[in-house]
Structure formats: C-alpha cells, structure tokens
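Q: My questions concern the predicted model and sequence given below.
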Amino acid sequence: MKSFENVLPKLVIAPGFVLGFAFIYGLMIWNGVLSVTNSRMLPNYDEFVGLEQYVQLWDMDRWYVALRNLGLFSVLYVGGSMLIGMVLAIFLDQKIRFEGVIRTIYLYPMALSFIVTGTAWKWILNPSLGLEKLMHDIGWASFSFDWLVQSDTAIYCVVIAGIWQSAGFAMALFLAGLRGIDDSIIKAAQIDGASLPRIYWRIILPVLRPVVFSTILVLSHLSIKAFDLVMALTAGGPGYASDVPATFMFTMSFTRGQIGLGAASATMMLAMVAAIVVPYLYSELRSKPHER
Amino acid sequence: MNAKTLSRLVVYTVLGVAAFFFLAPLYVMLVTSFKDAEQIRSGNLLSLPHGLNFESWTLAWSTACTGVDCRGLKPYFMNSVMMAVPAVLISTAWGAVNGYVLSMWKFRGSDLLFGFILFGVFMPFQVVLLPMSQVLGFLGLSSSIAGLVLVHCLAGMAGTTLFFRNYYTAIPRELVNAARMDGAGFWRIFVRIVIPMSTPILMVTLIWQFTNIWNDFLFGVAFSGADSKPITVGLNNMANTTSSVKSYNVDMAAAIIAGLPTMLVYVLAGQYFVKGLTAGAVKG
Amino acid sequence: MAASLHIAGIRKVYGKGDKAVEVLKKIEIDVAPGEFLILVGPSGCGKSTLLNIIAGLEDPTEGELKIAGKNVIGVAPAQRDIAMVFQSYALYPTMSVADNIGFALEMRKVPLEVRTKRIQEVAVMLQIEHLLDRRPAQLSGGQRQRVAMGRALARDPQLFLFDEPLSNLDAKLRVEMRAEIKRLHLISGITTVYVTHDQIEAMTLGSRIAVMKDGILQQIGTPDDIYRRPANTYVAGFIGSPTMNFIAGSASGSGATALFSFEGGALQLPCPTSGKVTLGQRPEHIHLVEEAAWRGEVTLVEPTGADTYVVVKTGVGLVTVRTPPSTQVKIGDNVGMTVSSNHNNWFDAQTGLRLG
Amino acid sequence: MAASLHIAGIRKVYGKGDKAVEVLKKIEIDVAPGEFLILVGPSGCGKSTLLNIIAGLEDPTEGELKIAGKNVIGVAPAQRDIAMVFQSYALYPTMSVADNIGFALEMRKVPLEVRTKRIQEVAVMLQIEHLLDRRPAQLSGGQRQRVAMGRALARDPQLFLFDEPLSNLDAKLRVEMRAEIKRLHLISGITTVYVTHDQIEAMTLGSRIAVMKDGILQQIGTPDDIYRRPANTYVAGFIGSPTMNFIAGSASGSGATALFSFEGGALQLPCPTSGKVTLGQRPEHIHLVEEAAWRGEVTLVEPTGADTYVVVKTGVGLVTVRTPPSTQVKIGDNVGMTVSSNHNNWFDAQTGLRLG
Amino acid sequence: GEVEVLHWWTSGGEAKSVGELKKIMQGKGHTWKDFAVAGGGGDNAMTVLKSRVVAGNPPAAAQIKGPAIQEWASEGVLANLDATAKAEKWDNLLPKVVADVMKYKGNYVAAPVNVHRVNWMWANSAVLKKAGVATAPKTWDEFFAAAEKVKKIGLIPVAHGGQNWQDFTTFEDVVLGVGGAKFYQDALIKLDQKALTSPTMTKSLETYRKIKSYTDPASPGRDWNLATAMVIQEKAAFQFMGDWAKGEFTAAGKVPGKDYICAAAPGTANAYTFNVDSFAMFKLKDPVAQKAQADLAAAIMGPEFQEVFNLNKGSIPVRLNMDMAKFDDCAKLSSKDFVDTAKSGGLLPSIAHGMAVKPAAEGAIKDAVSQFWNDDKISVADGVKNIAKAAATK
Ligand SMILES: Nc1ncnc2c1ncn2[C@@H]1O[C@H](COP(=O)(O)OP(=O)(O)OP(=O)(O)O)[C@@H](O)[C@H]1O
Ligand SMILES: Nc1ncnc2c1ncn2[C@@H]1O[C@H](COP(=O)(O)OP(=O)(O)OP(=O)(O)O)[C@@H](O)[C@H]1O
Ligand SMILES: [Mg+2]
Ligand SMILES: [Mg+2]
C-alpha cells in the first residue's frame, strides 16, 4: 500500500516531465549541434565546421550592435518598468478611489500583444504622422520627436513601448507585495517615529526585496526574449540599428539561410539566460519551502 | 491638513498622467477605427471621429481581404478560440498536477527536477521552431490546430508548474496530512482539498496562459496551415498587407478585435490577477 | 515623566450606513500618572482598537483624548511619545533583532553608542542577548514577543501600551517576564495601559483593571475590587478561574438573617435585599462538609496538583468547589456544601447588577 | 474497541550528515487499551513529531510501533484507523464546518444520513451547531479548534491523537471543553494520546503523563506521581505553576533527623541521604511564619484572587510562597518560612535526579 | 487535386493577380488552398515554409526566387518539372538567363511568373512641371539639379521607404548608374573585392548619400507603396522602385506618360536589373496532388495567365514573344529593354530582390548598405570598407 502511495506521484508527473525535458533539453542540444554545422537553408548535419559559426558571429558588427542594444534596452526597460511600477504601486496603495479602474488601465497593455499595438505605436512615434505632427498641428512648430527614425535613438522607442507594456505588470507585482505586508508593521514604524518616506525606504522596500528580485528576473528574461516588440516597432531598423539578439537570431535562421550562425547566436542567448536564471534557480531550490 | 491635501493632489496627478500614458495607444486605436480615410488624413491622431462609423469594424471582422481570401478576421478568430481554449485548459491542469506533486508529494530529487524544468520558462522560443516542426511532422500534427495546442502546452508547462508549485508550497502540509488521516488518497486530496483552494492561482494562471497563447505570433505563423492560422497571423496579414492607401481605420479595428478577448479577460478578471499574485503566486 | 491619560466619551464606528459597527461605545477612563491600567475583555471587544486610538494609529469617531493634559486628537503617532507592543509583534522582518530594538531610537536621532548600550541592556533584561543578530523569521513565537517588548522598553516614553505582550510565552517564562514588567514599572513609573486575557497577569500587574465587553466598559477598579466586588455577573464570571458559581434563587428578608432558598437547597446568609437574586460564589469559598442541607453528587474530580477541583451536580446546576489535594471524594459521592458568609456576591436576577 | 499502543526505541533524525538533528531519542512508551496519555514538554521537544510518527505521517528513523499488537510501520495513515487533531487545526478552508467534520466519514463511505446525524451530534457536543454552514475563515480561533476536535470526534477510531487541542480557547471555554473531553473518554474508552502545555489540562485529563525534553522521555507516570514525585529537577520545575522552589544545600545525616543547611538558613527535615542535595518545595508547601530561623525579605506580593503569591528574597535566591488572599505581608517585610515535612522533594545536587 | 500555394502577395494588385491563377486552376477542376503570409517582404512566409518543409508537410508550391531556388533544390525538396517544361516548351519561351535561375542541375524546379524591372525611376509629371523640370533626368547630375528644384518649391524630392531592400534598390541603381553594367557585375554579383574597394565604389556611395539628403526624415519603417503614394499624391517628385510601383499608379487611376513618368534610373538606360518572381514546386507524395501541381506549373507559364497576371502586377510576362498590345507604355518599354539588354549583356539580376547573391552574403551587404544609408555619421570610406567586408560573408 505504502509503496503505491509513494510511486503514484512520480508516475503522475513522469509523462509531462519526460516530454518537457525532451522539449527543453532535447531541443537545446539540437540547437547546439546545429551551431557547429554549416547548416544554411535547412538543418544539415553532415558538414561539421567546429566553432567557425561562433568565430563568424563574434566578427559581425551586427551582432555587436545587437548586444549593445540588448544591454541598453535591458537596463532601461527593466529599470524604467520597475521604477514606474513601483511608484504607481505605492501611489495606488494610498487608498485611492477608483483603484480598480486605474489598476485595470495600467494592466491592460499586458493583455495586448505587440502584433496588436505595434501599429498604434509605430504611428504615434512616427514623426510625420504621430506625436510630432500632433504638436505641430496644435502650434508647437519647433517640437521634434523623431527617435523612431534615427539610427541611434530607435532603440529608445522600443524601450518606451516596452515600458508601456510591462510597467503595469511590475505595478501589479509590487502592489501584491505591498498588500501582503502586515499593516501593523507600518503602525509600529509610525509609533517609532518614522516619517512616511522613511517607512517606505527603511521598512517596506526591504520587505519587498524578494518581489523586486523576482520582478527583475521576469523582466530581464523578457528583455532577452524581446522579439515581437522589436519586430512590430522597428523590425530591427533603421538598417539594423535596433537589432537585438532575438531578432538577429531570427533573421539569420529564417531569412538569411544561415541556420548555423543563427544557432550559434541562440546558444549565446541561452548562455545569457542561464547567467540570469541559474543563480535564481539556485536560491529557489535552496530555500526550504516549509520553513517560510 | 493642507499638506495632506497637497500630497493627495500629487498622488492623483501622477496616477492620472500615468493612466493617460497607458491609455494613449488604445485611445488612438479606438478613435482611428471610427474615422474614415478622409478624417484620418485631415485630422490629427487625437481628434475625435465625426461619428460612430462601424464600417471599418465590419470590414475587419468579415470582409477584409488578405490575399485572395476575403473573409476578414472571423475565421482566424475562430481558429484562435479553438486553439486557445484547449491549450489554456490543458496546460493549466497539467501545471496544477505537477505543482501539486512537486510541493506536497516531494520525493528525492524532485526539487532538482523542478529546477531543470524551470529553466524551460526562460528559454527563447525561436530556438525550437525548426526542431519542433520536425517533431510535429513526425507526429502528423503539423499545420493543424492540434499541433499548435501541443506546442503551447509544452511551452507553457514549465511556467504553469512554477506558478502552482510556489502557490502550493504555501499551503500547510498539515492539510494534506489531515486528509490522509481522514482516509483520502492522492487524487482525492487533490480534487477535494487542493483544487478548491486554488482559485486565486488558477485565475492567475488562466489569465497568464490565455494572454500568452492568444497573443502568440511566432508559433502561430510557423506551425499553422492554411486553415489553422490564429488571429495574430490574420492581423499581421491584414496590417502588413500593402496597398496604396493604408486603411489605418481597418487596421486599428482589426487590432482591437484581435486584442478584445484578452483585454476583456483583464478587465473582468484583473482583480483576481492582483489577488492571486498577493496570494503567493510570485514569490521571491 | 509619568503622564496622565484622559479618555472621555470615545466612540469608534467602523463602516458607514447599514454596515456601521460601533466597536467602542463612549469609553470613559482616567489614568493617573504612573498608573498601570489593565484592559481585559473577551476577544473582539475593542481592546486593540482602544489602544490604537490612544496611539494615534486610528482616529476616534467621537470623543476626547488627552495625554499629560494635552489634547492629542489629530496629533501624529510619532509626536505622542508613546511606545507600543503590538499583539501581532509587528517586527520589521528585514532588520536584525538589534536593529528592531534600536529603530525607534535611531528615528529619534539617539547617537550610536547610546543606542548600542541601550539595546544591550534591554536584551539582557529580556534574555535575548544571543539573538541580537538574528532576523525575526529565525525566532520562535516566544522570542519574537520578547523582541517586540524590547522595542518598546528601549525607549523612555510618556506612555506604554502593551497588547497581550506575553500570550505566546510558556508558563515559566511568562512568570519571569511578568515579574520583570512589574519591576520595570516600579522603577520607571511610566504610565502603562496593558491588554491581556490572562487572569493572573491582570490580577498581579495592574494597579487598576478595566473590564470591557462589546465596546462597553463594564467595570474599572483595583484587582481586589474586581475580584471581590464584581459590578455584574459578567465581570464576576469573566474574572477568576475556575469561574464563579452562580446560584439563582430568592431571598426572603434582607440583612444578616435573610434566607436564600434555591432549587435543592437553602442557605442562611446576609443578603442586601429580598426577592429574586443570584448568589455568586467562587470555588474557593464553597466548602465540602459531611453534613449539610445543600447536597449534590460529584461528577468530576480534577486534581491540578496544588488544588483539586470537585464539580458537584446540584439542583441549580454544576457547582465547582476547590479542595485541598488531600480530599478523598470520588465521582458519584453525595456531598454536602456550605459557603463562607463573608464572600458572597449578590446580583439582581434580572439585570445581573451587583446588589449592595 | 480500545487498542493498545506500543512504542519501542523510536528514533527520528532529520537531515543528513553534519546537519542531522536527532529529534526523538529512543522513545519507549506503552499505552494500555483505553488509557489517556498526556505528552508534555517544552516547545520543540518532539511532541508533534512523535504524534506524526504514530499517525504514520512520518516514518521513524528506527524503532518499533504497534497498534493493537499489530506492527504498523509502513502502513499508510488511512489504514491505521486513527483520528487526529492537529496543532494548527488543518481545517479544509474551502469546505463548510459540516463538510469538514463529515469528510473522514465520507472517505470511509458512511451513508449520508448516518453522516448527517453524526455531524449533528458532534456539533451539539462542541456547541457549534450554529456554525455548521460557515467556512473556517469565518470562525474565531476557538471555534476553529472546536471544529478540528469535531473532525476527530465524529469518527470512531482505534486511537485518538490530540495535539494541543485547547490552546486557543479562552479560560472559560477551556474548562468546559476539558470536562467534555474527559466525559467522552470515559464513555468511549478509546485510547488517547494528548499533547498539551497546559499544566491543569495535563494534571486533570491524563491517566498518565509523559514528560519529554529534547527528544528524551524524562518521566512517565500518573499525574499525582509526576506532581508529587518528579523524577528529576527538570520535571519538578516544569510541572506546577508557580514553579517549584529549589534550595541547594547540604544534608548532614539522613533519615528523619537530618539537618539540611543552606545559605541563610537550616531546616530539620527527613532526608534520604547526606551530602550535597537540593530540596524542592512547591509554593503551597512553604508557609510564612512569624518566628523562624530561615528568613528573607519580601520582594513581590502577587494577589491572583484566589491565592496570593509572596516572593521572598533569601540567601538561596527567590522563594515563592503561596498564601491565602488574606495575608498581610507587604513588600519589604522581613518574614520567616517553614516547610511541611511531608512534601519534600530531594534531588542529587549534581545529577538533578530524585533521591529516595 | 488540391494545390496549397504559399505566397506573400496580399496587397491589392498582387492579390488580384493571384486570384486569376486561382480561377485558372479552378477552371481545371482543382481546388486552390491559399496560404498567404504577409509581412517582412516574405520573411514570415519563409519562416513558415521552412517549418513546413522540415515537418515534411510542404505546400505544393511556394513563392521562391533567385538563388534561393537552387538552395532549396540542393536540399532535395523540390519537384522536377521537366515533363511539364518539355510539353510546354519552356526552353524556347524563356531567355536563358531566366531559365538558368529556374533550373537546378539542368532540371526545371520552378516556374517563373513575371519579370520586374527594378531600375525604374518614377516621377510625378505635375510636380516636375511645378518645379520647372522639363524632362526626366538622364544622369545623376541632372537628377540632383532637378531634385534641388523640387526642394525649392517645398516638396519632397525623393520618396523613400524604410526596409533594407528599398535602401538597396536605390543603391543598386546608383552603382549601375555610376559604374555601369560591368562594374555592377564585378562588384555586386561576383563580389570582387577589388571592384568593391575601387574609387568607383567610393563615388557611388557619395552619390548615394547625396540622394539621402533629398528624402524626408520619416522614411524609415515606411512601406514602399506608401512612398509611391507620396508620388501619386504630389507630395514627392521621384521614387526609385521596381515596376510593381506601377500597380499603385494604375490603381490610383493615373496614366503613364501623362500623370506620371516611368524612366530608367539615371545612367541606367542601357541596363536592366531584373527580378523574376517564380513558384518553386515541392515534392509531394499524393499522385493526384502531383497532377494538380503539374497543371499549376503549366498554368503559370501559360500565355493566358502571364498576360492577366502581369497586367495586374505591373511587370511584364517572362514568356517571350507575347503580344504586348494590352500593356501600357512603361511595360512596353520594359519588354523592349528586356529583349535588348538580354542581347547586349546589360540584363542583370537585382541583388535587392535576391536574384544574384546567396542569401547570407546578400543579407550582410544589405545590412552594410542600410547602415550607411541610415547613419550619416558613417564616413564614405568606412562605408566602402563595411560593404567589402560584408561581401566576404560565406
Ligand atoms: N477595520 C475594521 N473594520 C470593521 N471592523 C473592524 C475593523 N477593525 C476591527 N474591527 C472589529 O472591531 C472589533 C474590535 O476589534 P479589536 O481588535 O479591538 O478586538 P480586541 O478586543 O483587541 O480582540 P482580541 O482579544 O481578539 O485581540 C472586532 O469585532 C473587529 O472585528
Ligand atoms: N522537517 C524537519 N527538519 C528538521 N527539523 C525539524 C523538522 N520538523 C521538525 N523539526 C524539528 O524537530 C523538533 C521537534 O519538533 P516538534 O514539532 O515535534 O516539536 P513540538 O514538541 O511539537 O513543539 P511545540 O510545542 O512547539 O509544538 C523541533 O526542534 C523542530 O525544529
Ligand atoms: Mg486585540
Ligand atoms: Mg507541536
């Protein structure tokens, strides 16, 4: 009897985990194999070329641009979303009227994919159609906002749109965190003589640290995977000025017929993801859940 | 007293400005969808339409052409529904069972196993496109809705497992123990005790999965056949179809139609989302 | 140092319209400087709410509140110079124990050395020196409660507010802590309001006890007063464990010669009035005797070590009698009972109010 | 119906290697059919762990466990036919009170009518009939605990396990529930293991008490035994409140004429041995007398209503004396003390073990 | 049988053209399964195609052109169309340059649909008149003079869109115009490093950059047809774009020669950069489907379809000896030049449209050119260097 009760749970999750493992690791290995072949239009396992694809990758200007953009984008996007999300969450937690409505307004961009809103954003950010034109129309002739079409600023437009989409999510996470805090801690701090900003800075933010941490994690992995966002807004342009690793990989593998090179870049992306995730996993698995 | 009013004012102002920022694109999409071509050209992007003109909506929904196909978004929409509903339900149920085992029936190595699966949450999905289609072809599921459902389930499994596992970890073990004393077995405990307690996390997971699956473009474009294309592909076809006068109004209407189900979900169930998160869905 | 506390006509209503709940109903309490006031009452009667109002964490719906003669309605909590121990501890989870204790001092810009010294002193007093570097999550319930105490004790406020500060300690530690609080109060003389549901704590610590029920102050007086002269049956039953025995009957005549008769017995007792009355008699004031008119059958014998409680089934219900551990009665015995004539509590049968 | 419980050499180790913690160390307890065994001990001593092992919720690292003579190691909890009340209640939050109580019966395929009837009976017994439709979240702590009780009582198991089932009730209700449990046990005769940290509960409910500390069984015996003849200073100090007074000194000579001398005093007492010994004396067995050689200064007078405790500072430390409320001593008084000669507990000064 | 056809011809004129093919196939009793994936100049469609092929479930036909046909064929997934080709005498009907593109190892694997001339310059007559430009400029110098005049009257001289192939179309025109057919061949088709780093290249880039200064700042991200619309709506004067732009003019009811001018890009009158659209046929298992596939190939090359399709699309039939009566002046000119340059050696594949270079190198060069176009901070010398480096991509 006992042995059955012990085995059943394992039996139950086994199929899923076998599939999941095949899906995740099988395909990861497959990608690794591809990256050392000379696959072009279609996967081709015959022609082993060693690390040549990697050499070529690290020799490409476009790859560096993609990396630089990723760096810029991640920092600004994660930082911006967190900051805005945090401020909104704190403000929204001050017993606001219509909180439900406002919260929904902040959250809805999460519901929409960039395939959906990309058109609107492209339009708003386009100098001859959107915001700039609007300002000109209402008489502010010197107003200039042409980031989308400038090589060196296009990535910032991606950041703006990215923040637009994710800040609400960060807000929801923080709000959830704030709501989870025991009321009496704040009361105690008031009694202890701390001012409101001090209470937030010294007491509440430290308590929210795990939430901050997981928000950073979620957002930064979103930023590495950012694909729809860039595709819908700039498609990597002008030129390849706003290319990021995800679009780079896609372009190489699917439009350029350089699957080997694309696979190499995918490996690098995986490595970057691992660099973020593995420490997280480590801490996740170390903390004994029942001790919480 | 005065300081209090002032700070309230600041709070509401900031919240209002932010609300404006978040609403702007939707507003633009909405007003544009009600304008006709002439108004779009003459007015600016914030100006209100002259009236409620539903023409572009009907066009986008039922008669707009992509290629030689002039059925609008309707068939795509149906495809998406047929894909999203089973995929969301299956991946959620799957995650719930996995999370249940991984939190309440731990065995040696289960944490490690979970760690490996968790890595899947973070995998960039472009990597899997080609091998996945090979697998789907092998299974005879390529270019079918069933294939898409399978892919979404696999891709979503790691995430849903994570959600449920973290949530269930917070449920006291005594509850399971009590049920075991009461004579309930693995499945009965799950169905009678655990599932009824899962409402908040179920809501979060359902919303999350629905959003992801409904909005997915990559898998949709890569794994669908001529008559199993989801709405994102339909929308893309419509919006990227180049004709001399870009009918922004139709594009916008189409975009709103494509985003409507997910938006509705957020508006109707958004409060559960925050509640569910509070209940421990996302912990550090 | 010691400040007076003046609570007059304090009302607190939660919610609006139909859903309004009046949690405090015109509470009137005056606490003299240096007094140690105990607040007791059943769960949900409004004790914590009253403390919160005193601390300024909630605004009263109505009423007056003065600390050291100064009206403090509208004054921020930080300005009231109050230290408080919360029922739920409310420790800062991310700070070490030492930082928790020192936080209020830091906020008040006490220099580091002074602070460190004070933290050390308090920790020694509460037997938590070895825990100073830990986080609250790493402490057991009792340890947490002591840290919460330490946070208040580190300060030197006008007023202490304690909300069930010892409820999570084990019996032994509780006795020690109780003595420590008493000692501290004697030394510092700081006015204190102390919520507890522990009878012994209430009786031993307070200079006065206020008994509340449903937001209404039932009685306020010295422990002795409350124990010996409860104002009504509620207070009488609430204070003392095992609880007071109530015997409903009727008195004919009043004064020293009254006859109190009830179902299954009659006693000759001094009684302040005649008519339908209830006699309240604590277990230690009823005695088992061989020969007595009032008899009953023993249904339970509970030896607790120091004393043995005997529960006797009589015509007026179960009556608990405290006996020495050496008692020989057994379940099923038929025993007689008498009461001391000088520890009688008489209550009006209708209103439950104390007579005489 | 009543089953025996046989616990032999049970060890439980958590963790591995360096981090291994031995939570239970070779526990040996035999519980006769129908017995009511109380398990007491400080927090973290392994009481709940032992119950879990009996219930089959955890496997012992080593040892033998028999219920009704049948080895149950490896048998699933559901098969052991045990009902348990969890320390944390463990109520099913999504089910109504009635469903909570009836769940185990449902799992055991008891027909609906029988179930409903049984739920009703239990609810009446626990005074929760009016709560049957509520969810656990809508109950107060005390009510929850009663539901948890009800869940166990609804069944008719071989063995009851209770883990501090009354700790969250207020004093009055606790007394009632205690009586109810006692009554139930008398009627059903089901073998019971009961964890508590309430002295009174332990003394009044149990047919035997097992005192544990750090995973080691310190003493097992009848309440009377444990209270009057504690096996060591630990048990002596743990049982009884206020705690037993310990007086370290040395006895010269043994038997009825021994002289026990200690810092600041000497007593002529019967003593089983001579040499360095510790005398344990409960507060109720020390008496204040005008004239006595052993004297001290009163540092605290704690009236608790029924009794007043006087703490006296002596050469051997603080000594607590129980006096009637009528006592007239005040703080600062110099008082003399004597002890009854027939309630002495002698312990070895080194090992703390009982002498004689 | 059923033919599933993957293509990205979703816009007005193109869609109508595909509709004709559908009708023809339906006339032959087959069912047409339309698999259109718009966007990204076929990028999305290529993704789908790859996924489908890998899954072993390819469509019957897919819109593939240029060297990509060879690449696909070399993977062994394309069907042999020789039987149809022989029956329909394709060898006689197609110019050799074009036929070679359709063949892999001497076997037909794709059916060509049309020929686009890429080196067109489109101009709005009314705008030119307003600006005082008499005739379409024939050289780049003339062009800049004209552009300057247009700028003076406050209109946009050059309408430009924002994908890298648009940037490259203009680049191609410039290289061809500045360096001539031989240089084009050396530099952009053979990817000869010497040619790529020669002064001619430098001159080309200088010219190229100068054109940029006559475009409006909002061009990045703009679709080509919206740029064309700017010309149609008299907002801009010129556009460099293949002859599919004509479809837009036609759709707007404009008449060539009168409302707008089609001319070879400056300096390229004697050359012809071509872009041939074609459908590659994939190996299918079902014989019925194979039959339908063969019918599709035949239909594509059939005169009937070639005529209607190209009338709609703005291109010219790939089939020689077609009656051009129904076509407009631009098409007639194109057709004549096609035949002429085929003889003179001026018939050159367009790189912008994937006709000449393998995708990897093509993409890299396009990147470099686009980067140069979009980023004014890159010096001409660096531009030359970057392009040469990109051309070395294997
Ligand atoms: N924000 C609120 N809204 C409505 N009712 C409230 C609110 N806060 C407290 N109450 C109610 O006020 C009453 C008094 O609460 P309070 O916390 O003062 O009780 P208490 O006497 O401290 O009880 P305990 O001994 O259980 O701590 C309770 O019935 C509680 O439900
Ligand atoms: N899974 C575990 N891993 C390691 N140590 C554990 C584990 N579970 C319990 N312990 C430890 O075992 C010891 C005994 O725990 P147990 O719950 O039996 O105590 P208890 O006597 O019931 O205490 P209390 O009176 O506080 O309920 C404690 O020190 C506890 O920290
Ligand atoms: Mg309270
Ligand atoms: Mg326990």
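A: Here it is on my side, so go on. Numbers count the residues shown, from 1 in each chain, chains lettered A, B, ... in the order given. Ligands and ions are numbered 1, 2, ... in the order given.

Q: what residues does chain C put near chain D?
A: Taking C-beta under 8 Å from any C-beta of the partner chain as the contact definition, chain C meets chain D at C:42-44, C:140, C:142, C:170-172, C:175, C:179, C:182, C:197, C:199-200, C:203-204, C:223-224, C:227, C:237-243, C:282-284, C:300, C:302-306, C:309, C:311, C:322. Yep, even glycine has a C-beta here, placed from its N, CA and C like the rest.

Q: give me that answer again for 6 Å
A: With C-beta under 6 Å from any C-beta of the partner chain as the criterion, chain C meets chain D at residues C:171-172, C:175, C:200, C:203-204, C:227, C:240-243, C:284, C:302-306.

Q: Any of those residues buried? List them.
A: Using 16 or more other C-beta atoms under 10 Å in any protein chain shown as the burial test, the residues of chain C next to chain D include C:171, C:175, C:200, C:203-204, C:227, C:240-243, C:284, C:302-306 as buried.

Q: and C:Lys70, how many neighbours?
A: Applying other C-beta atoms under 10 Å in any protein chain shown, we find 13 residues neighbouring C:Lys70.

Q: secondary structure element for the residue in the stretch 51-200 of chain B that ligand 4 sits nearest to?
A: Among all residues of the stretch 51-200 of chain B, B:Glu174 sits closest to ligand 4, at 10.5 Å; criterion: C-beta to the ion. Assigned by DSSP states H and E, B:Glu174 belongs to helix B:173-181.

Q: touching ligand 2 at all, that helix?
A: No: counting by C-beta under 6 Å from any ligand atom, ligand 2 is not contacted by helix B:173-181; separation bottoms out at 9.4 Å.

Q: if you average pLDDT over that helix, what comes out?
A: With pLDDT averaged residue by residue, helix B:173-181 scores 84.

Q: Kindly report the same for stretch C:280-288.
A: Per-residue scores along stretch C:280-288 average to 92.

Q: What of stretch B:124-133?
A: What stretch B:124-133 shows for mean pLDDT is 77.

Q: contacts for it?
A: With contacts defined as C-beta atoms under 6 Å, 6 or more residues apart in numbering or on different chains, stretch B:124-133 is touched by A:Leu27, A:Trp30, A:Asn31, A:Lys225, A:Met249, A:Phe250, A:Ala266, A:Met269, B:Ala222, E:Ser51, E:Val54, E:Ala55.

Q: Same list, the residues you listed, but as JSON lines with pLDDT and distance to chain D please.
A: Listed next are the contacts of stretch B:124-133 as JSON lines, based on pLDDT from 0 to 100; distance: C-beta to the nearest C-beta, whole Å:
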{"residue": "A:Leu27", "pLDDT": "81", "distance to chain D": "36"}
{"residue": "A:Trp30", "pLDDT": "84", "distance to chain D": "38"}
{"residue": "A:Asn31", "pLDDT": "84", "distance to chain D": "38"}
{"residue": "A:Lys225", "pLDDT": "72", "distance to chain D": "37"}
{"residue": "A:Met249", "pLDDT": "85", "distance to chain D": "44"}
{"residue": "A:Phe250", "pLDDT": "82", "distance to chain D": "46"}
{"residue": "A:Ala266", "pLDDT": "87", "distance to chain D": "40"}
{"residue": "A:Met269", "pLDDT": "85", "distance to chain D": "38"}
{"residue": "B:Ala222", "pLDDT": "79", "distance to chain D": "42"}
{"residue": "E:Ser51", "pLDDT": "80", "distance to chain D": "45"}
{"residue": "E:Val54", "pLDDT": "80", "distance to chain D": "48"}
{"residue": "E:Ala55", "pLDDT": "79", "distance to chain D": "45"}
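
Q: what about the chain, any weak spots by pLDDT?
A: Reading this off chain A. For chain A, the stretches with pLDDT under 70 are A:1-5, A:128-129, A:237, A:284-292.

Q: wrong one, I was asking about chain E
A: E:11-13, E:39-42, E:394.

Q: Okay, strands next: where are they in it?
A: E:2-7, E:31-36, E:61-63, E:103-104, E:107-108, E:110-117, E:120-124, E:156-158, E:236-240, E:260-264, E:272-281, E:316-317, E:347-349 (DSSP state E).

Q: right, and those - which one's nearest D:Thr338?
A: strand E:31-36 (106.6 Å; C-beta to C-beta).

Q: per-residue confidence at the residue lying closest to C:Met177 once chain neighbours are set aside?
A: Spatially, and ignoring its direct neighbours in sequence, C:Met177 is nearest to C:Leu166 (5.5 Å; C-beta to C-beta, 6 or more residues apart in numbering or on different chains). For C:Leu166, the model assigns a pLDDT of 80.

Q: any idea how far C:Ile7 is from C:Leu166?
A: Taking C-beta to C-beta, to the nearest Å as the criterion, C:Leu166 is separated from C:Ile7 by 24 Å.

Q: likewise B:Met263?
A: For B:Met263, the distance to C:Ile7 - C-beta to C-beta - is 53 Å.

Q: how many neighbours does residue 90 have?
A: I'll assume chain A. Look at A:Ile90: counted by other C-beta under 10 Å, it has 19 neighbours.

Q: you looked at the wrong chain, it should be chain E
A: 24.
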